[in-house]
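1. Got a predicted structure plus its sequence, pasted below:
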Amino acid sequence: MSASAISQAEYEQQESANRLGLWLFFASEAFMFAGLLVARFYLWGDTRPHLDQAVALIITAVLLLSSYSMNRAEVMIAHDDRKGFLNSLLITAALGVVFLIGVIGFEWQGHIRPTDGAFGAVLYGMTGMHALHVVSGIVFIFIVWNNGRKGHYSADRHWGVHACAVWWHYIDLVWVFFYPALYLIGTAQ
Amino acid sequence: MEKKKSSALRQSFNVFLGLAVLTAVEYGVSFIEFPTVALFIIGLFKAGLILNYFMHVGLLWSDGGKHK
């Protein structure tokens, strides 16, 4: 049954169930990210490798900015502003690409290699797993953008947009804990 | 409608600004001795802002759970 064929009450009930499923998925993902954080504190202890602080600050700011533009996209569709919604989605995807360039093109080109013991394993494990999630977020954004371009979603019915936005913010939420763990805590060796 | 939209956009920008300021504070705090606890607390504040304002976690237990 298509979304337009059901009543608003049924749609909202379905949205409620979808939301619970999405958050249960977040909980399962949290175990994996928490495992990576535990590995960092177990293997690095009160030390950390010398990493480029400027790159870290810039990519963190870029990810925060992308969360803002994603929230903007959601506000726009909730107020039937399709043009603003589509533009904000594209800005978010572009900022996601900039974040990936920062991680892969700059951070990964530094002096630490994945084979450099605990430093390399943890650094590439954490940033790699997070970058993979950013890639999935960008793909999700393009799917939602394409649907939006075709006229899907409205102020009352935009679960797809909300799910995409919450997923993107979740990726930002993970980085909130990864950034200090990788770049700020411990003495640089 | 337009007023509600600009109010929502302003709130979104304020949250972004709060997150940016807390990130700058984090960077500053990292220069003090043993910053781990302080950084963890700041991280929790940032997570709270994202969960509440961007991820709308409250909708999970609100009646009907309609997003606006």
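-> Noted; the coordinates are in hand.

2. nearest spatial neighbour of A:His50, skipping sequence neighbours?
-> Using C-beta to C-beta, 6 or more residues apart in numbering or on different chains and skipping the chain neighbours, the partner closest in space to A:His50 is A:Ala188 (4.9 Å). The way it works is simple: take the backbone N, C-alpha and C, and place the C-beta from them, glycine included.

3. which residue ranges form the helices in the chain?
-> No chain in the question, so chain A it is. A:8-44, A:53-78, A:82-100, A:117-149, A:159-179 (DSSP state H).

4. other chain: chain B
-> Remark: helices assigned in chain B by DSSP H are B:2-29, B:36-49.

5. Tabulate these in JSON lines, adding columns for mean neighbour count.
-> Shown next, in JSON lines, are the helices of chain B (neighbours: other C-beta atoms under 10 Å in any protein chain shown):
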{"stretch": "helix B:2-29", "mean neighbour count": "15"}
{"stretch": "helix B:36-49", "mean neighbour count": "16"}
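
6. tell me the contacts of the residue most central in space within chain B?
-> Centroid-nearest residue in chain B, with C-alpha atoms, centre = their mean: B:Leu49, separated by 2.0 Å. B:Leu49 is in contact with B:15, B:18-19, B:22, counting by C-beta atoms under 8 Å, 6 or more residues apart in numbering or on different chains.

7. ok, 6 Å please
-> B:15, B:18-19 (C-beta atoms under 6 Å, 6 or more residues apart in numbering or on different chains).

8. and those residues near chain A, which?
-> Among the contacts of B:Leu49, proximity to chain A is found for B:Leu19 (C-beta under 6 Å from any C-beta of the partner chain).
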